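# model this:
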Amino acid sequence: MIPHYFSLIILSSVVLVAADVAFGQSFPVKPVRIVTAESGGSNDFAARLVAPGVSSGLGQQVIIENRGPGILPSETVSRAPADGHTLLLHGSSVWLSSFLQDNVPYDALRDFAPITIVTSAPNVLVVHPSLPVKSTKDLIALAKARPGVLNYGASGAASSPRLAAELFKAMAGVNIVRINYRGSGPSMMALVSGEVQVAFASPGGAIPHVEARRLRALAVANAQPSPLFPGLPTVAETGLPGYEYSAAYALFAPAKTPDAAIKRLNQEFVRVLNRPDVKERFLNGGVEPVGSTPEQLTAKMKYDIAKLGKMIKDLGLRAD
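Okay, the predicted model is just below:
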């Protein structure tokens, strides 16, 4: 005979499983809100591209709520009800902000339930054509021969181009001086004009200038080659083994959101991200659609926290 307390444990487990199944069958019961950054940015683009398909699959309207730059979108969702109806779509600043500024009011690993990596935006290492380099190896050699002479352009301490460049400098042991610009557009124009010589640029900003031969692309920062730059090798393959930097845009719910809701949301978002028409629109917009498991998103966060978090601390980088 099963002891009475074991019977209670088994009964409780059955009740919890049944409740979770029932929740999954009924979810969602109202419109789903995706909180993201300012209108017109990369996060907003991704949210608006997937929203119609996800809305159709869930049978509820998906509403995009723009809450501006900084940590406000993340803070908003970290304090929302954990019922799966309020989501956050944002970049790696969600899990890196605490390294760049004080008093961040949430812990990324504790206060959010990962759902999926939505997109990856690979940076490409580009140089002004006047620079006598044809590969990552050449650039490292030139930078070592001319410490503090070469400049790179970037905007914002927490920006993807800035972090990609600083990781490159740290791993290569070179001194390439940062020139700060207010936005990616001015930074790219400075590179095209020769005001700076190097940048880790977004595909959308770099591709037109590379095709017009106003810039020279050396490599992509991803661990793997990118379909956005057919035939272009990686930084790791061409002179800096072990280098990898990719800017991920990911989807979260508040912590303690029921597993059934997380599973349903993951299924719907991944389904939409795998649609050929959606993939094509993302690639045309300069980003790669992903569609991962929650576990893969957690692994990405932990990797960035360990590698980039240490670098940010060591270099004393702060949000501008």
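
# I'd guessed residue 253 sits against residue 86; true?
Yes - assessed by C-beta atoms under 8 Å, residue 253 is found in contact with residue 86 at 7.3 Å. (C-beta placed from N, C-alpha, C; glycine too.)

# give me the common contacts of the two.
Residues touching both residue 253 and residue 86 by C-beta atoms under 8 Å, 6 or more residues apart in numbering: residue 77.

# hey, which strand is longest across the protein?
Longest strand in the chain, counting residues (DSSP state E): strand 112-122.

# quick check: next helix or strand after that strand?
Beyond strand 112-122 on the C-terminal side, the first helix or strand identified by DSSP states H and E is strand 124-127.

# rounded mean pLDDT for that following strand, please.
Averaged across strand 124-127, the pLDDT comes to 97.

# neighbour count for residue 253 and residue 86, which is higher?
Legend: neighbour count by other C-beta atoms under 10 Å for residue 253 and residue 86, higher for residue 253 (26 against 21).

# report pLDDT for the more buried one.
98.

# for it, which three-state class applies?
strand (DSSP: H, G, I helix; E, B strand; the rest coil).

# show me the contacts for the residue lying closest to it once chain neighbours are set aside.
Spatial nearest neighbour of residue 253, chain neighbours left out: residue 113 (4.5 Å); criterion: C-beta to C-beta, 6 or more residues apart in numbering. Contact analysis of residue 113 by C-beta under 8 Å, 6+ apart lists 82, 252, 253, 254, 255, 256, 257, 262, 294.

# over to residue 178?
151, 152, 153, 154, 162, 165, 166.

# now with 6 Å?
Applying C-beta atoms under 6 Å, 6 or more residues apart in numbering to residue 178 gives the contacts residue 152.

# now do the buried residues in stretch 78-89.
Buried residues in stretch 78-89, counting neighbours by 16 or more other C-beta atoms under 10 Å, are found at 78, 80, 83, 84, 85, 86, 87, 88, 89.

# likewise for stretch 30-42?
Using 16+ other C-beta under 10 Å as the burial criterion, the residues of stretch 30-42 that qualify are 32, 33, 34, 35, 36, 37, 41, 42.

# any chance of those in TSV, plus secondary structure and pLDDT?
What follows is those, written out as TSV (DSSP: H, G, I helix; E, B strand; the rest coil; pLDDT from 0 to 100):
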residue	secondary structure	pLDDT
32	strand	98
33	strand	98
34	strand	98
35	strand	98
36	strand	95
37	coil	90
41	coil	83
42	helix	84
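
# about what we covered before: redo the contacts of residue 113 as a markdown table? Include distance to residue 201.
Listed next are these as a markdown table, based on distance: C-beta to C-beta, whole Å:
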| residue | distance to residue 201 |
| --- | --- |
| 82 | 38 |
| 252 | 27 |
| 253 | 32 |
| 254 | 34 |
| 255 | 35 |
| 256 | 39 |
| 257 | 36 |
| 262 | 35 |
| 294 | 31 |
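
# what about stretch 74-89, start to end distance?
Stretch 74-89 has an end-to-end distance of 9 Å (C-alpha to C-alpha, to the nearest Å).

# check the offset of it from the chain's centre.
From the chain centre to the centre of stretch 74-89 is a distance of 18 Å (C-alpha atoms, centre = their mean, to the nearest Å).

# what does stretch 44-58 give?
Distance of stretch 44-58 from its chain centroid, counting by C-alpha atoms, centre = their mean, is 18 Å.

# state the mean pLDDT of the helix or strand containing residue 262.
Using DSSP H and E, residue 262 sits within helix 259-273. Mean pLDDT, computed over helix 259-273, is 98.

# by contact count, what packs against it?
In terms of contacts (3 or more C-beta pairs under 6 Å, 6 or more residues apart in numbering; DSSP states H and E), helix 259-273 is packed against helix 4-26, helix 42-58, strand 112-122.

# quick check: next helix or strand after that helix?
Per DSSP H and E, the first helix or strand lying C-terminal to helix 259-273 is helix 276-284.

# bridged to residue 121, which residues?
Bridge pairing for residue 121 (DSSP bridges) gives the partners residue 247.

# any idea how many residues pack against it?
Neighbour count of residue 121, defined by other C-beta under 10 Å: 25.

# that one contacts residue 248, doesn't it?
No - using C-beta atoms under 6 Å, residue 121 is not in contact with residue 248, being 7.9 Å away.

# low-confidence stretches in the protein?
1-25, 157-158, 320 (pLDDT under 70).

# that one - how does it break down into domains?
4-121+246-315, 124-220 (automatic domain parsing).

# could you provide the ones you listed in JSON lines, with additional columns for distance to residue 235?
Shown next, in JSON lines, are these (distance: least, C-beta to C-beta, whole Å):
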{"stretch": "domain 4-121+246-315", "distance to residue 235": "11"}
{"stretch": "domain 124-220", "distance to residue 235": "4"}
